[in-house]
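**Student:** predicted coordinates and the sequence they were generated for:
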Amino acid sequence: MADLDIPGLAELRASIDETDARILELLNRRARISLAIGAAKARVPGAGIWDPEREQSLLRRLEERNSGPLENTHVNAIWREVLSASRDLQKTCGAACAGPGSGGDPGTPDV
């Protein structure tokens, strides 16, 4: 039996596609905010990108909010990738994001 012959599968796939699009929008919103954070840090001499205590606090908070069906190990794995991408963005941002026009506004296109 072909996948598309399974009753309800097309609707479920459409729902997951819509959910994936929403997740991508939120991840990009988070990335813009992360770039603004990187710009703020770049203006402070000696401010580091990585804050392990902040990351651990975030992971604990997410575990407390997690109601499943994802296990905490899955949530942690997903968020470690998100955090890694955020650090990479902040590294590449550096002084360029702290320059004129950055404004620190997460919605600013040049951030």
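**Tutor:** Looks like it came in fine. Just so you know, these numbers come straight off a predicted model, no measurement behind them.
**Student:** what average pLDDT does stretch 47-55 get?
**Tutor:** Here stretch 47-55 scores 90 as its mean pLDDT.
**Student:** can you give me the end-to-end distance of that stretch?
**Tutor:** Looking at stretch 47-55, the gap from its leading to its trailing residue is 16 Å under the measure CA to CA, to the nearest Å.
**Student:** chain center to that stretch, what's the gap?
**Tutor:** 15 Å (CA atoms, centre = their mean, to the nearest Å).
**Student:** what of stretch 32-44?
**Tutor:** Mean C-alpha position of stretch 32-44 versus that of the full chain (CA atoms, centre = their mean) differs by 15 Å.
**Student:** show me what whichever helix in the chain runs longest is packed up against.
**Tutor:** Of all the segments assigned as helix in the chain under DSSP state H, the longest by residue count is helix 9-42. Applying 3 or more CB pairs under 8 Å, 6 or more residues apart in numbering; DSSP states H and E, we find helix 9-42 packed against helix 72-98. Every C-beta, even on glycine, is put in place using the N, C-alpha and C of the backbone.
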